[in-house]
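[1] Here is my input, please return the structure:
(2 chains)
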Amino acid sequence: MAKLPTDIPELVKQFGPTMHSVPPGGWAHTGQDETLVKTHCCFCGQQCGIQLRVRDNKVVGFEPWESFPFNRGKLCPKGVKRYMQDEHPDRLKSPMQRIEGQGFAPIAWDAAMERVVGEIRRIQETYGNDAFGILSGASLTNEKAYLMGKFARVALRTANIDYNGRLCMVSAGAASKKVFGIDRSANPWSDIPKAKVILVAGANIAECAPITTDYLWQARDNGGKLIILDPRMTPIARNADLFIPVRSGGDIGVFNGMLHVMIERGWIDRDFIAQHTTGFNEVIESVKKYTPEYAAKIAGVPAELIVKAAELWGPAPTSFLLHARGIEHHSKGVDNCLAAINLVVASGRIGREGCGYAMITGQGNGQGAREQGQKCDQLPGNRDISNPEHRKYIAGVWGVAEESIPQKGLSAVPLVEAIHEGKIKGLLSICFNPVVSLPDSNFTRAALEKLEFYVNIEFFLSESARYADIVLAGSLMEEDDGTTTNVEGRVIRHRRAVTPPDGAREDWKILNEIASRLGHADKFNYNSPREIFEELRIASKGGVSDYSGMTWDRIGENNGLFWPCPENGHPGTPRLYEGGKFGHPDGKAHFIPIDWHPSAEMPDEEYPIILTTGRVVSHFLSGTQTRRIASLMEQYPQPRCEIHPRLAEKLGIADNDFVKVESRRGQIVVRAQLVKTIRPDTVFVPYHWPLDRSANNCTIRAIDPVSNIPEFKICAVRVSKTEEPTDAIAKLEMEAGGIR
Amino acid sequence: MSESAFFIDHSRCIGCQSCVQACAECDTHRGVSMIHLETIQRSDSVQTAPQVCMHCEDPICARVCPADAIKKTPDGVVQSSLKPRCIGCSNCVVSCPFGVPKYSAQIDQMMKCDMCYDRSSIGKKPMCASVCPSGALTYTTMEEIQRTRSGIPINTWRFGEEIVKTKVYVMVPREVERIDVSLVQISGTPSPLAADPYDVALMLEGAQ
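    Predicted coordinates:
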């Protein structure tokens, strides 16, 4: 509702972010009366196994969990310090209501619920059901993700629910579905070390999926070759056999150029293509013009690098493709993935040991949270909300009339645009910090200011929650039971380590209660997350992501089960597409010809530099959690603008200068970091910070027509030296958006 | 005594600082990290290098300690200085060829990596080598490292005229037998740009 209730420094004073640096009981208190709880890190889609040390219902440290097969005790710095989010001074321990001119004040649960339910009713009765939207999260457990989808369609009957996986996995998912008929990494990670060539496209693995690094190095120690595509020399690119410093948005040049050379030299598997695929002739036609020279112009790299890549990839006996946001965060994100996947299918190297491909999910439950029906176009089990058969099945599971289930709603960016246009008047959000994570932050802030009512379920008062009318104190991952599905498609158990603090509640209980008060108690009468999972199993039965043969106990005993797992006792399916059997009704993989086109905003005279954004190793997504952990902040305290010395010299910028990065939409002021490890036509700023340090002030609200992913990886900016800012925001601590 | 040994593979390091963060979680010095992670020259490269105590067979730090405060366990782990003996003179700090010991003014004592002796002495891995996501730090058996890595482990160093053998191994290409560290004259003229292997601008020359 309207503007912030009070100024930002006052809100920061009341609710942080502030830093937490000492575990409960102090550093000296160790060992006694502790229990170890085997669970998983919540700070990315790798979902590493970890043991939390618990004493007196407090998480006081961690211990490596070496027998969990995916990470074998290994952790990145976020995993090591993730326990510091517990017992945090900023933790919300009561529902809060907005007080004009003051900020937020505690309110009783009953009164908060009354208000929420009253406003949902008022808005839906006045403007229609779809005028109340939901923004959900991809770091929620499967159980919560399932519940959010059902809550929207059954309790609110709104079409407009989407989630922040829209900013993460949707391009990869859409491409995978188009080619293979299934949206999941095709192989378990244990296949990676067996590959003789690995192509990593747009994935800063060392920083965004650090555990995967060891799998790459194992492959290298086994004699495998590594090809990396990235505009920046990332830590894995430094030691690669071939590093291609591709221009952001130019990846299709490399992929199509490689395929052109492979076809020319006969490095394709004609038998496999004939037996197991469709559409290759169209692809041959489409890549004819992609000679290395033509392709190199698109990619912005020397032609010989593309030829070398084809020479490594083409004749290899085994191979593995990994891609992530670098190629996916584009208004042609799906096309980028399709062109990459064509290299896999043309080689025939998929569905067997050491051969395949994977997309690297970024968010905590990046895989699972996109399967349970909280996407605007989807029902549980990866079902299609516009398919009558799918609707009918889920209506049966939910005990509702098929026609009562809304049709496809708006995805995240159009949903926020509809708020801005005044079409959506009310919003419930959970696990989503749109003012930091969506592109074009000024627009997002303006949209939230227009809401008539906004309720936010949170454990810390995120930058977006500041715009809320009611904030409901929810739960951290370690305060609840559930499952997630890791980057490989392995469903794993998160075990409750502690209970939520007095005054906060488990998220599913909050949703149960709202739904009940809205008159749907019979459909939302769960007593535990396990009961939600039991319903999810049935809802997923017969769907693509079939969990119906899994139980929490079996998942725990087996260190996870891979879907599909369609009947009781089924061992799960670690590797998809064995024997060349794909997920489409015809059982074949479908080639799709791809032609390159420019990004939504290319550099020009006015804004001559490419801005690309991404993550750093010590922070997670919008920073709501990691900007509150002192040791992670010390590692990377404020965003810096990486700039090549050649470009910096032209612009009169020296290392550590304050620089203004401006686009047509907004600007930030940050410190410059001069590095030779980036293309001279490109600057990089990580996005984890808010306000005047938010890289998304500059990014463009352009989305892929199929996946609706925003184009975070390329927009046009100008960069100039500036004075040290001295305004009130600049003076805040760095975790709150200040600058030093 | 465990049969496992400590191996550093610099080519695997990604600079993530997991080792630094986890070292500070070790129960004997919780809150303080003992490992050093060096960023070589960020302007030129993303290369980083982790440095644990190498646990020399004949530790120079102990030899130069006037207070006899630095002891080696029977299984070859060189410990931090003994609190009652350490006089804070920092002889060890300046003499260690690997730059490992650090003097802490707060406690007036030298502290350094002790290979997580509370863990490694009972068969557990040191914290840093447990968590290291890249395998740059590994605590395992000699057979296992030889089976799984393309390089070879060595533990012989030459610093000028001095040969040093360490308990900790580093992984090197197969043809290397010993690491020779000699003094080099740093000239006044910077090396020419063309010699820079990690400059992306140079890699792009020839692009249209």
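
[2] all strands for chain B, in order.
    Ranges of strands in chain B, per DSSP state E, are B:5-8, B:36-39, B:48-51, B:102-104, B:109-111, B:137-140, B:152-159, B:162-172, B:179-181.

[3] which other residues reach the last one?
    Contact partners of strand B:179-181, identified using Cβ atoms under 8 Å, 6 or more residues apart in numbering or on different chains, comprise B:97, B:154, B:156, B:157, B:158, B:159, B:160, B:170, B:172. Quick note: C-beta positions are derived from backbone N, CA and C, even for glycine.

[4] ok, the closest residue to residue B:32 other than its chain neighbours to residue B:158 distance?
    In space, and not counting its chain neighbours, residue B:32 is closest to residue B:24: 6.0 Å by Cβ to Cβ, 6 or more residues apart in numbering or on different chains. To residue B:158, residue B:24 is 33 Å away according to Cβ to Cβ, to the nearest Å.

[5] Quick check on these two: which one has the bigger neighbour count.
    residue B:24 (19 against 13; other Cβ atoms under 10 Å in any protein chain shown).

[6] ok, now which ones touch that one?
    A:631, B:30, B:31, B:32, B:33.

[7] so where's chain B shaky on pLDDT?
    Under the criterion pLDDT under 70, the flagged ranges of chain B are B:1-2, B:183-195, B:208.

[8] Which parts of it are helices?
    B:18-23, B:60-63, B:91-95, B:117-120, B:127-131, B:142-148, B:200-203 (DSSP state H).

[9] got those as JSON lines, with mean neighbour count and distance to residue A:342 columns?
    Converted to JSON lines, the helices of chain B look like this (neighbours: other Cβ atoms under 10 Å in any protein chain shown; distance: least, Cβ to Cβ, whole Å):
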{"stretch": "helix B:18-23", "mean neighbour count": "27", "distance to residue A:342": "36"}
{"stretch": "helix B:60-63", "mean neighbour count": "18", "distance to residue A:342": "58"}
{"stretch": "helix B:91-95", "mean neighbour count": "18", "distance to residue A:342": "58"}
{"stretch": "helix B:117-120", "mean neighbour count": "19", "distance to residue A:342": "49"}
{"stretch": "helix B:127-131", "mean neighbour count": "28", "distance to residue A:342": "38"}
{"stretch": "helix B:142-148", "mean neighbour count": "13", "distance to residue A:342": "33"}
{"stretch": "helix B:200-203", "mean neighbour count": "18", "distance to residue A:342": "26"}
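
[10] Now render the ones you listed as JSON lines, adding distance to chain A.
    What follows is the helices of chain B, written out as JSON lines (distance: least, Cβ to the nearest Cβ, whole Å):
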{"stretch": "helix B:18-23", "distance to chain A": "4"}
{"stretch": "helix B:60-63", "distance to chain A": "26"}
{"stretch": "helix B:91-95", "distance to chain A": "23"}
{"stretch": "helix B:117-120", "distance to chain A": "10"}
{"stretch": "helix B:127-131", "distance to chain A": "4"}
{"stretch": "helix B:142-148", "distance to chain A": "6"}
{"stretch": "helix B:200-203", "distance to chain A": "5"}
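
[11] TSV for those, including distance to residue A:337?
    Listed next are these as TSV, based on distance: least, Cβ to Cβ, whole Å:
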stretch	distance to residue A:337
helix B:18-23	30
helix B:60-63	54
helix B:91-95	53
helix B:117-120	43
helix B:127-131	32
helix B:142-148	32
helix B:200-203	24
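
[12] in chain A, which segments are predicted with low confidence?
    A:1-2, A:30.

[13] what's the longest helix seen in it in contact with?
    Ranked by residue count and defined by DSSP H, the top helix of chain A is helix A:109-127. Here helix A:109-127 makes contact (Cβ under 8 Å, 6+ apart) with A:95, A:97, A:107, A:131-132, A:156, A:158, A:425-426, A:428, A:452-453, A:455, A:469-470, A:472, A:505, A:513-514, A:517-518.

[14] Among those, which ones are in strands?
    Per DSSP E, the contacts of helix A:109-127 map to strands at A:97, A:132, A:426, A:428, A:453, A:455, A:470, A:472.

[15] Which among those count as buried?
    Among the ones in strands among the contacts of helix A:109-127, the ones that count as buried by 16 or more other Cβ atoms under 10 Å in any protein chain shown are A:97, A:132, A:426, A:428, A:453, A:455, A:470, A:472.

[16] Provide the secondary structure category for residue A:391.
    In three-state terms, and counting by DSSP: H, G, I helix; E, B strand; the rest coil, residue A:391 is helix.

[17] From residue A:437, how far off is it?
    31 Å.

[18] In contact with residue B:95: list those residues for me.
    B:60, B:61, B:63, B:64.

[19] Report the buried residues of the longest helix of chain A.
    A:112, A:113, A:115, A:116, A:117, A:119, A:120, A:123, A:124, A:127.

[20] How about stretch A:503-520?
    A:504-518, A:520.

[21] and these, which two are the farthest apart?
    A:504 and A:520 (23.5 Å; Cβ to Cβ).

[22] How about the spatially most central residue of chain B, nearest residue that isn't a chain neighbour?
    The centre of chain B sits closest to residue B:51, judged by Cα atoms, centre = their mean, with a distance of 2.4 Å. Closest residue to residue B:51 apart from its sequence neighbours, by Cβ to Cβ, 6+ apart: residue B:36 at 4.3 Å.

[23] how near is that neighbour to chain A?
    Look at residue B:36 and chain A: by Cβ to the nearest Cβ, to the nearest Å, they are 14 Å apart.

[24] repeat for residue B:116
    On the measure of Cβ to the nearest Cβ, residue B:116 and chain A end up 11 Å apart.

[25] list the contacts for that residue?
    Residue B:116 touches B:26, B:28, B:124, B:125, B:126, B:127, B:128, counting by Cβ under 8 Å, 6+ apart.

[26] same thing but at 6 Å, please
    B:26, B:126, B:127 (Cβ atoms under 6 Å, 6 or more residues apart in numbering or on different chains).

[27] Kindly report the same for residue A:392.
    residue A:402.

[28] Quick one: name the residues of chain A near chain B.
    Counting by Cβ under 6 Å from any Cβ of the partner chain, chain A comes close to chain B at A:27, A:30, A:64, A:73-77, A:80-81, A:206, A:210-211, A:213-214, A:217, A:221, A:233, A:235, A:238-239, A:245, A:297, A:300-302, A:617, A:631, A:635, A:644, A:646, A:674-680.

[29] can you tell me which of these are in strands?
    A:64, A:674.

[30] Buried ones among the residues of chain A next to chain B?
    A:27, A:30, A:64, A:73-77, A:80-81, A:206, A:210-211, A:213-214, A:217, A:221, A:233, A:235, A:238-239, A:245, A:297, A:300-302, A:617, A:631, A:635, A:644, A:646, A:674-680.

[31] Quick one: the strands in the stretch 501-650 of chain A, in order.
    A:561-562, A:589-590, A:609-614, A:640-643 (DSSP state E, counting those that start in this stretch).

[32] what's the last one packed up against?
    For strand A:640-643, the contact count by 3 or more Cβ pairs under 6 Å, 6 or more residues apart in numbering or on different chains; DSSP states H and E identifies strand A:667-674, strand A:682-686 as packing neighbours.

[33] Now it - C-alpha only, CSV.
    Provided in CSV are the C-alpha atoms of strand A:640-643 (Å, rounded to 0.1, in the frame of the first residue of the first chain):
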residue,chain,number,x,y,z
ARG,A,640,31.7,-3.9,-7.5
CYS,A,641,31.7,-3.1,-11.1
GLU,A,642,34.2,-5.4,-12.9
ILE,A,643,35.7,-3.5,-15.8
